[in-house]
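Peer 1: Next comes the sequence, and after it the predicted model I'd like to discuss.
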Amino acid sequence: MMEPYHNNSFPNSKSFLKAGLVFLMSALFFGLVAALQYVLPGIGKEVFSFEKLRPLHVSSAVFWILMTAMGTVLTFLQEIKPFPNTTHRLVKIQFYLFEISFVSILVSYCFGVFGGREYWEFHPIFSIPIVIGWGIFLVNFLTNNKTLKNQPVYVWMWTTGVVFFLFTYIESNLWLIPGIGNRLIQDMTIQWKSYGSMVGAWNMLIYGSSIYLMDKIAGNQKYSQSNMAFGLYFLGLFNLMFNWGHHIYTLPTASYTHIIAYGVSMTELFILGRIIYLWRKSLTFDRKHKHIQAYWFLYAADIWVFINLGLAIAMSIPALNLYMHGTHIIVAHTMGTTIGINTMLLLSFAYDVLGKKQAEIKISTNFKTAFLVTNISLSLFFISLIIAGVLKSYWQFNNPDSSYTLMLNTLRPYFYVFFVSGLSLVFGFMLLIIPLFKSK
Ligand code: HEM
């Protein structure tokens, strides 16, 4: 079995993580401008319409997740066993392929070049460097990790994430083949299935890295060898293959697929939350304080896992589920999980890799303030979206005759809360991100 936690001597991890953080800042900026259009509809639309801002925001968020997840997996992998020179060279190519194509995608949106599908709205030509880049990632990963035998759970998770992402990304592009793109139900089913699996695949990279980091902080391999962690892995794997059931509610598919899909997604979240919780309880004072910033982000992610689980349970009640599509409840769910869970976990990795090594036990007041501002703002942000969503779904089903403008006026106060809490969320995040750029 591999012996982890060597010191990081990998020059490229900084490039991946810092590039990831720049995409996060881009997501925050475009999200804020898009939110401004909620409160002042049409403002600045000649320069940047909502149709441009939304993909700029969502793609930047996805690039933040992918860039940082790739960089973290590579960093942690070479902490276990240093890479040979050939891998270093290939990692550089991998980095530039992603960096150049992601930046070009954002620039192409600014010029109004689209052509893709929801969440991946860029021109399909960009899929070529993405697929090649991920192929190189796969080679880099597999050449430095040749077996799954007796490996801790994070190696299983990383392997699955790296392999499945490539597979499902290609699958999500199958609509380009005319025989598939022309058939609506088949096309939509493949699209949502691949999206669900792609999120499942990047979650494997992120959950695997979380468990690695938890072991590193605790100084033992208790959780990465535990039955509970392997349970999480197998549920995640099942979920990755079948969780699409809850994305295709409107399509005529058997209802048991929805029920199974919901059940599995929720159990997965519950186990992740439970593992972090038990790990927190088991840490000694010293170990915790040596990695206090990464620890705080893992703590926050844990709380957000349970909050999102609560919302997911409410959303899975069939009567409610029917009402909430096309409302802000869905946005609350997507942003609640990508910010509360994914971003918090990714920031814990970024602080582990780029953050200053704690010399003293005390946590700085600046960090504490930024962390609290971020999490309190996120709570208000999340609640305002849920309330706006509930009011809209009520309107959709109970007042179909009253005007859309009237409904929007009822939602306006919640949009203001959304915008203002979004603004302070951006402020909090910036205070957390900037110090990471100062590290050498
Ligand atoms: C880490 C930070 C963030 C991440 C990862 C993130 C992620 C996302 C995702 C995945 C969506 C798509 C939602 C869906 O259609 O289901 C979205 C939409 C959106 N986000 Fe964010 N977001 C972040 C921060 C923000 C901030 C700070 C604001 C505003 C201040 C914001 C405003 C918006 C708006 C306005 C939409 C469009 C909703 C719509 O289509 O009506 N986001 N975000």
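Peer 2: Here it is on my side, so go on.

Peer 1: use CA for all of it now, contacts and neighbours both
Peer 2: Fine.

Peer 1: show me where pLDDT drops low in this protein?
Peer 2: Scanning the chain for pLDDT under 70 picks out 1-10, 116, 118-119, 179-182, 190, 192, 243-258, 357-362, 400, 440.

Peer 1: at 50 instead, please
Peer 2: Residue ranges of the chain with pLDDT under 50: 1-2.

Peer 1: Any residues of it in contact with the ligand? List them.
Peer 2: For the chain, the residues in contact with the ligand (C-alpha under 6 Å from any ligand atom) are 28, 31-32, 34-35, 54, 58, 61, 330-331, 334-335, 338-339, 343, 419, 422-423, 425-426.

Peer 1: mind listing which of those residues are in helices?
Peer 2: The members of these that map onto helices under DSSP state H are 28, 31-32, 34-35, 54, 58, 61, 330-331, 334-335, 419, 422-423, 425-426.

Peer 1: Using ChimeraX, make a named selection holding only the buried ones among those residues.
Peer 2: Buried subset of those, written as a ChimeraX selection, criterion 16 or more other C-alpha atoms under 10 Å:
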select :28,31,32,34,35,54,58,61,330,331,335,419,422,423,425,426
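
Peer 1: Show me how the record splits the chain into domains.
Peer 2: As given by automatic domain parsing, the domain ranges for the chain are 9-146, 321-440.

Peer 1: mind listing what the nearest residue to Leu106 once chain neighbours are set aside touches?
Peer 2: In this structure, Leu106 finds its nearest non-sequential neighbour in Leu56, 6.1 Å apart by C-alpha to C-alpha, 6 or more residues apart in numbering. Contacts of Leu56 were listed using C-alpha atoms under 8 Å, 6 or more residues apart in numbering, and they are 27, 30, 106, 109.

Peer 1: I'd assumed Leu56 was in a helix, is it?
Peer 2: Yes: under DSSP: H, G, I helix; E, B strand; the rest coil, Leu56 falls within a helix.

Peer 1: Can you tell me what sits against stretch 329-349?
Peer 2: For stretch 329-349, using C-alpha under 8 Å, 6+ apart, the contacting residues are 65, 68-69, 72, 203, 206, 209-210, 213, 293-298, 300-302, 304-305, 308, 311-312, 324, 378, 382-383, 385-390.

Peer 1: go on, stretch 12-24?
Peer 2: With contact meaning C-alpha under 8 Å, 6+ apart, stretch 12-24 is reached by 60-61, 63-68, 70-72, 74-75, 88, 91-92, 95, 99, 350, 353-354, 433, 437.

Peer 1: which of these are buried?
Peer 2: Applying 16+ other C-alpha under 10 Å to these flags 60-61, 63-68, 70-72, 74-75, 88, 91, 95, 99, 350, 353-354, 433 as buried.

Peer 1: In strands only, show me the residues you listed.
Peer 2: With strands defined by DSSP state E, no entry of those lies inside them.

Peer 1: among those, which are in helices?
Peer 2: Reading helices off the buried ones among the contacts of stretch 12-24 with DSSP H, I get 60-61, 63-68, 70-72, 74-75, 88, 91, 95, 99, 350, 353-354, 433.
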